[in-house]
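Asks: Predicted model and sequence follow; I will ask about them next.
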Amino acid sequence: MTPEEIKTKVRAFLLKYIKKPDLQDDEDYFASKLINSLFAMQLVMFVEKEFKVKVEDKDLDIKNFNSIDSISSLVTRKLGC
């Protein structure tokens, strides 16, 4: 799976909850207050289920989940792409 394919899936998931069709790949949606910290657990569960990776305790850093780019990087590392 390419980073662009990962980003496409992440963007589609986020746009179900964020009403911002022009969401940028590097936009920090937590800092922008588009989503809250409770949504972080939904993101973790989505990443694990969608990409079939295990998010470990060391991965539970908001920097790994605060943008489409950061999630794509995390998944890419986990998949060994």
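Replies: Nice, I can see it. As the structure is a computational prediction, the values presented were derived from the model and not from experiment. Numbers count the residues shown, from 1 in each chain.
Asks: Only C-alpha atoms from now on, for both contacts and neighbour counts.
Replies: Noted.
Asks: All the helices of this protein, in order from the start?
Replies: With DSSP state H as the criterion, the chain has helices at 3-15, 39-51, 68-79.
Asks: Measure how the second one sits relative to helix 68-79, angle-wise.
Replies: Read that as helix 39-51. Comparing the axes of helix 39-51 and helix 68-79 via axes from the mean of the first three to the mean of the last three CA atoms, to 10 degrees yields an angle of 50 degrees.
Asks: who's in contact with helix 39-51?
Replies: Identification of contacts with helix 39-51 by CA atoms under 8 Å, 6 or more residues apart in numbering yields 53-55, 62, 65, 75.
Asks: Can you tell me which of the helices of the chain is most buried?
Replies: Between the helices of the chain, helix 68-79 has the highest mean count of neighbours, a mean of 19, where neighbours are mean count of other CA atoms under 10 Å.
Asks: Please state the offset of that one from the chain centre?
Replies: 8 Å (CA atoms, centre = their mean, to the nearest Å).
Asks: One more: stretch 73-81?
Replies: With CA atoms, centre = their mean, you get 12 Å for stretch 73-81.
Asks: returning to that earlier point: so among the contacts of helix 39-51, where is pLDDT lowest?
Replies: Taken together, the contacts of helix 39-51 show their lowest pLDDT at residue 62, with 90.
Asks: coming back round to it: pipe the helices of the chain into JSON lines and attach distance to residue 31 per row.
Replies: Shown next, in JSON lines, are the helices of the chain (distance: least, CA to CA, whole Å):
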{"stretch": "helix 3-15", "distance to residue 31": "15"}
{"stretch": "helix 39-51", "distance to residue 31": "13"}
{"stretch": "helix 68-79", "distance to residue 31": "13"}
